[in-house]
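In: Curious how this folds, go ahead:
(chains A and B)
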Amino acid sequence: MGSDIQQSTHFDNNNTDNSRSPDTKLSSTPTAKRQKIEHHTHQHPAPAEASSPSVDISFTMSTSPILESLQLEHVPSTHSVHVAVFRDVENAAFLHQQLLARNADFEYALIDAGVITSRLQVLSAAFKAITVQLAGTLKTPNVHSEIVCSLSPAKNIAEAYRRHGITPTTRHLVIVKVLVTPATDSDANAKAPLTAQDIEEHLRTHVEGKPVPFTDETLSELTDWGRVRKYYKLNGMSWLDGIKDEVAKHRELDILVMGSMALRGV
Amino acid sequence: MAADSATHAFPLPAILEYPSSTPPQLITQGAEGRLYKSTYLLPSIPCALKYRPPKPWRHPVLDARLTRHRILAEARNLAKCRREGVPVPTVYAIDESAGWLMMEWVAGVPVRAAINEWLQRRRDAERAEGRSGDAIVEGTRDADADLVALLRRIAAAVGRMHKIGIIHGDLTTSNMMLRPWERGKEPANGHNVEGDGLLEGDIVIIDFGLASQSTSEEDRAVDLYVLERAFTSTHSRAEKLFTTILESEYREAFKQAPIVLKKLEDVRMRGRKRSMLG
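Out: From the prediction side, this is the model:
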């Protein structure tokens, strides 16, 4: 499995040639468990070398080097989640402006990586937002803004955007896109308006930053624990400060963050 | 999905109807709700989902309100315990209007099962030595060290929970899990290295469905009394030992603990209910 990904990544870089290919090649070892998306790839067995063109497309899509595609548990198979992480983003002001202008092409959850502690935190925000969307009780314009709000432990939407979303000065970004395929027969999926590949292309073109893999390791390098503890009200907990092992402490903090998110406003 | 529903005796909550890598598994059914084992976000993360289905015999408006309140109360109490460092499962997700609460899956066995297994083995060992096998566990023998250590951990966990003002409402040894220690994370003392490992692990208190918040000595004493009664009826041979250890360990847990133990004596005399009205 590991070698398959390596080969496909290599192959993908050759195909979508751009200036950042050395970077992406370096950072494209997906250490985390990768899930394939059945309804995109169908039965293609993922051959190591190129065979027919149709296979190539699906293959490239499911193993994009900067975008990780996931199918969450207990989420309809029509909904897939796609996540990318960028370091040292230069054009945060531009991306922020696109959000304010409600530019539909830039409909992403643009999250400040400083307040992200783990993969699970991002995925549980996505899970919550999708669940709310399915129930038809969105509190914000769309599922992507709902993801940003889901990260917040408080009900205030403006504050959630300010603290967890992109600001003109944000350096590191976690970008989440939820794709919904029309719930028709499988043939329609091939002609779906947006694919993971489109998202990948779009992010490559418009985000001026260094893509890094969506792993707990890279995320923890970008975490600003001071802000996390402040936003999630985790200061002054003596039993927590008593944990000497930094890794164990961060894991405990991460769990508490997820708990705060789950109990938002209740 | 049709085949799936057929294997379940009860209709699943809507959230569990969506696809997952392994089908949800009904673990147990209580008076008010059902507990499923499923997965959260990724196939590698097990979770427990507590579902309170609508009760057709209640007025729909009242039913929705009661369910909502109970789910929220449970979630809040769990979250409070977690924040204060009391070992309980983490809340992953909650939908109070749909009536479900998704929590961390706690590995291991209930304390009740572990103690019973331990007592059974002890009995077998005694019989093998030609004794009757129903001797009271005094806690003085070397072999009893594991049980003494476990009872201490139980008393300490309950003490910590009471300290932060949470009353469990249904403390039994079935509502405590014995989560195995991670390799290399065992506590340095308090457990028998040569033992069979039956009673090893962290205490995790579960099922906060009847929990409430209170700091009154009376409520705490009743909580302890319920635990004592539950322990006495399930593991009667270790009854005395339990009471002794509970009193010595719980006393250290927080400032008002001695007063609570004093109150416990009153409660033992008269039973759980204070007034004779209900």
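
In: rest of the way, CA atoms for contacts and neighbours
Out: Will do.

In: Would you map the helices across the stretch 151-266 of chain A?
Out: For the stretch 151-266 of chain A, the helices defined by DSSP state H, counting those that start in this stretch occupy A:157-164, A:186-190, A:196-206, A:216-222, A:225-231, A:238-241, A:246-262.

In: Could you identify which of these is most buried?
Out: Comparing these by mean neighbour count (mean count of other C-alpha atoms under 10 Å in any protein chain shown), helix A:246-262 comes out on top with a mean of 19.

In: Packing partners of that one?
Out: Applying 3 or more C-alpha pairs under 8 Å, 6 or more residues apart in numbering or on different chains; DSSP states H and E, one finds that helix A:246-262 contacts helix A:119-135, helix A:238-241, helix B:60-83, strand B:91-95.

In: hey, which of the ones you listed is tucked in deepest?
Out: strand B:91-95 comes out most buried of those by mean count of other C-alpha under 10 Å, with a mean of 24.

In: is chain A contacted by that one?
Out: Yes. Residues of strand B:91-95 contacting chain A under C-alpha under 8 Å from any C-alpha of the partner chain: B:V91, B:Y92, B:A93, B:I94.

In: So A:V81 lies in a strand, does it not?
Out: Yes. Per DSSP: H, G, I helix; E, B strand; the rest coil, A:V81 lies within a strand segment.

In: Next, format the residues of strand B:91-95 next to chain A as TSV and append distance to A:Q98 and pLDDT.
Out: TSV is the format used below for these (distance: C-alpha to C-alpha, whole Å; pLDDT from 0 to 100):
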residue	distance to A:Q98	pLDDT
B:V91	35	95
B:Y92	33	95
B:A93	31	94
B:I94	33	93
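
In: all strands in the stretch 151-278 of chain B, in order from the N-terminus.
Out: B:166-167, B:176-179, B:202-205, B:212-213 (DSSP state E, counting those that start in this stretch).

In: roughly how far out does stretch B:164-183 sit from the chain middle?
Out: Here stretch B:164-183 is found 4 Å from its chain centre; the criterion is C-alpha atoms, centre = their mean, to the nearest Å.

In: Show me what counts as buried in that stretch.
Out: B:164-180 (16 or more other C-alpha atoms under 10 Å in any protein chain shown).

In: just stretch B:262-278 next, same as before
Out: Buried positions in stretch B:262-278, judged by neighbour count with 16+ other C-alpha under 10 Å: B:K263, B:L264, B:D266, B:V267, B:R272.

In: what two of those are the furthest from one another?
Out: Pairwise distances across the buried residues of stretch B:262-278 (C-alpha to C-alpha) peak at 11.5 Å, for the pair B:K263 and B:R272.

In: picking up where we left off before, give me the subset of the buried residues of stretch B:262-278 lying in helices.
Out: Counting by DSSP state H, the buried residues of stretch B:262-278 place B:K263, B:L264, B:D266, B:V267 in helices.

In: count of residues packed around A:T167?
Out: When neighbours are counted by other C-alpha atoms under 10 Å in any protein chain shown, A:T167 registers 19.

In: Can you name the residues that contact the residue of the stretch 151-266 of chain A found nearest chain B?
Out: For the stretch 151-266 of chain A, the residue closest to chain B is A:A262, as judged by C-alpha to the nearest C-alpha, at 4.9 Å. Under the criterion of C-alpha atoms under 8 Å, 6 or more residues apart in numbering or on different chains, the contact list for A:A262 reads A:P153, B:V91, B:Y92, B:A93, B:I94.

In: neighbours around the first one, how many?
Out: Residues within reach of A:P153, counting by other C-alpha under 10 Å, total 21.

In: Now do the phi/psi pair for it.
Out: When quoted as degrees, to the nearest 10, the phi and psi of A:P153 stand at phi -90, psi 0.

In: That one contacts A:M258, doesn't it?
Out: No. Shown here, A:P153 and A:M258 do not form a contact pair, counting by C-alpha atoms under 8 Å, at 9.1 Å.

In: joint contacts of those two?
Out: With C-alpha under 8 Å, 6+ apart, A:P153 and A:M258 have no common neighbours.

In: circling back: with pLDDT as added columns, please give the buried residues of stretch B:262-278 in CSV.
Out: Converted to CSV, the buried residues of stretch B:262-278 look like this (pLDDT from 0 to 100):
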residue, pLDDT
B:K263, 93
B:L264, 93
B:D266, 91
B:V267, 92
B:R272, 78
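
In: How about B:P110, nearest residue that isn't a chain neighbour?
Out: Leaving aside its sequence neighbours, B:P110 sits nearest to B:M177 (C-alpha to C-alpha, 6 or more residues apart in numbering or on different chains; 4.3 Å).

In: ok, now which ones touch the one you found?
Out: B:V106, B:A107, B:G108, B:V109, B:P110, B:V111, B:D202, B:I203, B:V204, B:I205, B:I206.

In: ok, residue 263 - contacts?
Out: By default, I'm working from chain A. Taking C-alpha under 8 Å, 6+ apart as the test, what A:L263 contacts is A:P153, B:A75, B:R76, B:A79, B:A93, B:I94.

In: try chain B instead
Out: Counted by C-alpha under 8 Å, 6+ apart, B:K263 has contacts B:E217, B:E218, B:A221.
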